[in-house]
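Undergrad: sequence-free structure coming up:
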């Protein structure tokens with residue numbers, strides 16, 4: 001009888017030792033898993049913080065570059081000087097050759113003439129071309145209103161008008177540029193005549209063409 005009890009107690013003790021050993025392994029595994037999750041979370045947080053910092057830096061840089069451009073024309077420059085410089089920059093690729101009259105500003109382009117002191121605006125005589133150059137000297141404090149009217153016209157061109165395929169990239173790449181009460185509309189340049197250009201390449205080409213006028217305009221407002 002005693003011998004049987006001894007065997008039984010030994011069996012129970014052996015079983016308890018096995019259970020204790022398994023519990024210890026489970027605890028170690030849980031601790032290791034928790035450490036791994038914590039480390040992963042830390043890396044993710046660091047990555048987001050770095051991305052946010054980079055975005056903020058980029059925005060700040062853009063604002064800094066913008067502040068280096070004056071809102072007033074340099075020296076004795078006039079709208080005519082800017083118009084002549086833009087025309088010269090494009091050479092034979094400057095296609096507008098018909099002056100827009102003041103009455104057309106309101107009727108066709110939605111520009112309130114009461115907000116404008118002076119303007120030069122040209123379009124092509126040939127309807128197959130879409131090129132437009134507009135230079136506006138708004139009345140004091142009215143530059144933003146003229147800008148919004150031109151942006152509305154631009155939006156209508158891009159999203160509502162029907163265009164020849166060859167002109168679509170140029171329309172999409174048009175720009176409205178404002179320096180204080182001086183506002184400009186630019187839709188100019190050569191057309192990418194490459195037969196194998198993708199839509200992306202055509203847009204990139206048109207954007208570079210538009211930028212010729214934008215850079216020329218900006219050069220008259222640098223401090």
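TA: All right, it came through fine. None of the values given here were measured: they were computed from a predicted structure.

Undergrad: Excluding sequence neighbours, find me the nearest residue to residue 182.
TA: Nearest non-adjacent residue to residue 182, counting by CB to CB, 6 or more residues apart in numbering: residue 137, 5.8 Å away. Where you see a C-beta, it was placed from the backbone N, CA and C, and this is true even at glycine.

Undergrad: and after the helix or strand hosting that neighbour, which helix or strand comes next?
TA: Per DSSP states H and E, residue 137 falls inside strand 132-138. Proceeding N to C from strand 132-138, the next assigned helix or strand is helix 143-160, under DSSP H and E.

Undergrad: Doesn't residue 202 belong to a helix?
TA: Yes - assessed with DSSP: H, G, I helix; E, B strand; the rest coil, residue 202 lies in a helix.

Undergrad: Determine the number of other residues adjacent to it.
TA: Here the number of neighbours of residue 202 (other CB atoms under 10 Å) works out to 20.

Undergrad: do the same with the one 4 residues further on
TA: If you count neighbours by other CB under 10 Å, residue 206 ends up with 24.

Undergrad: Give me the packing partners of the helix or strand hosting it, helices and strands only.
TA: Element membership of residue 206 [criterion: DSSP H and E] is helix 199-218. Judged by 3 or more CB pairs under 8 Å, 6 or more residues apart in numbering; DSSP states H and E, helix 199-218 is in contact with helix 79-90, helix 165-172, strand 175-179, strand 182-187.

Undergrad: and the second one, which residues are buried?
TA: To tie it back to what came earlier, the one meant is helix 165-172. Buried residues in helix 165-172, counted by 16 or more other CB atoms under 10 Å: 167, 168, 169, 170, 171, 172.

Undergrad: Which residues are in contact with the residue nearest to residue 182?
TA: For residue 137, the contact set (CB atoms under 8 Å, 6 or more residues apart in numbering) comprises 79, 116, 117, 118, 119, 181, 182.

Undergrad: now, among the residues you listed, which is nearest to residue 149?
TA: Residue 149 lies nearest to residue 116 out of the contacts of residue 137, by CB to CB, at 9.8 Å.

Undergrad: The closest one: what's it in contact with?
TA: 105, 136, 137, 138, 139, 142, 146.

Undergrad: my guess is the last one meets residue 138, correct?
TA: Yep, that's residue 146 we're talking about. Yes - between residue 146 and residue 138 there is a contact under CB atoms under 8 Å: 4.6 Å.
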